[in-house]
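> Sequence plus predicted model, see below.
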Amino acid sequence: MVASRFDIMHDDASLFGELLTYEHCYIGFSGGLDSTALLFACVKFLSQQKQTPIPSLTAIHINHQIDSASDDWQVHCEDFCGKLGVSFIAKKITVDASENGLEAGARESRYKAFEELISSINGQSSVLLLGHHADDQAETLLLRLMRGSGLRGASAMSKSRTLDDSGIVLLRPLLAQSKSELQQYVMTHELEYLNDPSNQDLRFDRNYIRHKILPSLLARWPKAVEALTRFVDHLRADLHLLNDLANIDLSSAERSE
């Protein structure tokens, strides 16, 4: 079997080496393409490590109970984890469509559930991994530009951050990987994943960008996703620099008082 670029990258720990600094790794596992690739790659990476102990791994499936097949998806995810020997937690939630719509409500409820589940386990250093990839990053940037976001909003998703006041570290190891690379990865390893039909619903802004806007951009500029994600990286670096300069100015002002 020919190793894909994705395999080569995680074999040299460039994607998942940070996991080894934690005692426990949680993975948000919907059963879709990105989280399936992430879970399998993490299992493969950790199984190759010689050091002991290695972090324990738990998949968390949030059942939004929106689609009629939601319970079947949960069963699929539990079976998949069972075959990999990965601990599995499922939590059913009720999504309250916020004033920003169903998508925002689902996201808010999902993150709250993650925090509640992980915070309930004490005494271990832990990290939550999510499977967002480069195409997601490009979509997020375009969405926020259409909403008139400022510099911070336009910097889109960070590779790592802390979840609000919980202190839980969130890590996105696949943020530089394209969707096509993840598709190649799951095909290479013959992994079965779920397709949520709501991802085709053009009433949702992200889906409209995914199916209508990005394909047009890619037809004209084949490296559009790469260019958009590079812009985000540049903007994020500039924001860090501005923050550092602001802190220097603040310190100078305090000393001069």
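Looks like it came in fine. Numbers count the residues shown, from 1 in each chain.

> Now do the phi/psi pair for A69.
With angles defined as degrees, to the nearest 10, A69 sits at phi -100, psi 10.

> okay, it: pLDDT?
If you check A69, the pLDDT there is 93.

> list the buried ones in the lengthiest helix in the chain?
Longest helix of the chain, by residue count under DSSP state H: helix 224-256. Neighbour counts using 16 or more other CB atoms under 10 Å place A224, V225, L228, T229, F231, V232, L235, R236 of helix 224-256 among the buried residues. (C-beta placed from N, C-alpha, C; glycine too.)

> now do stretch 201-210
D205, N207, Y208, I209, R210.

> Same question for stretch 111-128.
Going by neighbour count (16+ other CB under 10 Å), the buried part of stretch 111-128 is Y111, A113, F114, E115, L117, I118, S126, V127, L128.

> Just confirm the second one contacts V95, I think it does.
No: contact criterion CB atoms under 8 Å: A113 and V95 do not qualify, at 10.4 Å.

> quick one: pLDDT of the nearest residue in space to Q65 that is not next to it in sequence?
Spatial nearest neighbour of Q65, chain neighbours left out: K92 (5.7 Å); criterion: CB to CB, 6 or more residues apart in numbering. The model reports K92 with a pLDDT of 94.

> Run a quick neighbour tally on K92.
13 (other CB atoms under 10 Å).

> partner residues bridging it?
Legend: beta-bridge partners of K92 under DSSP bridges are N63.

> Wait, it touches N63, no?
Yes: counting by CB under 8 Å, K92 touches N63, with 4.5 Å between them.

> L194 versus the residue nearest to Q65, what's the distance?
Distance, K92 to L194, by CB to CB, to the nearest Å: 17 Å.

> Over to D164?
D164 is 28 Å from L194, by CB to CB.
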